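In: sequence plus the predicted model coming up.
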Amino acid sequence: MAISKSKFKNILFFIVIGLLIIPQTRKPIQVFLQKGIALFGPSLESSDDLKKITDYNWLLKDENQETYNFQSAKGKVILVNFWATWCPPCIAEMPSMQKLYNDYKDKVEFLFVTSDDFTEINTFLNDNNYTFKVYQPATQYPEYFDVTTIPRTFLINQSGQIIIDESRSANWNSDKVRMTIDNLLKASGNE
C-alpha cells in the first residue's frame, strides 16, 4: 500500500507541528532553525543615517554584584548584546559571539546584558563553555538601549556612533563584522 504524496506531506506536517508543541523538542528545533538564519552576518547601518549614543549614564552589575559603569566604555569600540538563556535566536548566535569575543576581548568592550537570574546564566555559560562576562542592568537603560526584542546587538564606534544595530540572530564572527571592527580599531590606532 503506497502512501500518496499529499498524504505523506500531511503526515509530515502533523509530525513537525507535534514536535513544535512538545516543550522538550520545541526549543532545540527553534535553535536549529535560528542557526540557519544566523549563518548571515549583521547589516551595517547606512553611513548617512548613523545614530549616536550621547547618554552613557548606565550602571550594570555582574554576578558578584560589582558595578560596571558604562561611562568607562566611552571612547572605545563597544559591542552590547541583549539576550536571554531561554531565547532560541540568542542561543543560536552565541557560538559566533564567543569566537568574536575570543579574538577581540582585549580590544573591544563586550557587554552581554540580560535580566535572567545568575543561576540560570552560569548554568548556560558552563554548559556551553562560554567565557564572556554577563551583566544585569543596575539602573535604567539609556533611551536608545530600551529594547523590546531580543537578541538585539549594537556595535558602537569610539565616537558613539552605532555602526550595527541588529535585532535578529546573526553570525557575529563573519568576515564583514571582523573587517568592520578591524577598521574601527585602525582608525583609533588600537589594532
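Out: Yep, that arrived. A quick note: this is a predicted structure, and the numbers were derived from the prediction, not measured. Residues are numbered from 1 along each chain as shown.

In: immediately after the lowest-mean-pLDDT helix or strand in the chain, which helix or strand?
Out: In the chain, no helix or strand scores lower on mean pLDDT, DSSP states H and E than helix 23-37, which sits at a mean of 58. Scanning forward in sequence from helix 23-37 by DSSP states H and E, the next helix or strand is strand 59-61.

In: residues in contact with that following strand?
Out: 67-70, 111, 113, 135-139 (C-beta atoms under 8 Å, 6 or more residues apart in numbering). For glycine as for every other residue, the C-beta is placed from the backbone atoms N, C-alpha and C.

In: report the buried residues of the following helix or strand past that strand.
Out: Later in the chain than strand 59-61, the nearest helix or strand by DSSP H and E is strand 67-69. If you call a residue buried by 16 or more other C-beta atoms under 10 Å, then strand 67-69 has these buried ones: residue 68.

In: strand 67-69: what's the following helix or strand?
Out: Next along the chain from strand 67-69, counting by DSSP H and E, comes strand 78-82.

In: that next one pairs with which strands, and in what direction?
Out: Strand 78-82 has the following sheet partners, assigned by DSSP bridges: strand 109-113 (parallel), strand 152-156 (antiparallel).

In: can you check what angle separates whichever helix or strand comes after the first one from strand 109-113?
Out: Using DSSP H and E, the next helix or strand after strand 109-113 towards the C-terminus is helix 118-128. With axes from the mean of the first three to the mean of the last three C-alpha atoms, to 10 degrees applied, the angle from helix 118-128 to strand 109-113 works out at 120 degrees.

In: no further queries at this time; thank you.
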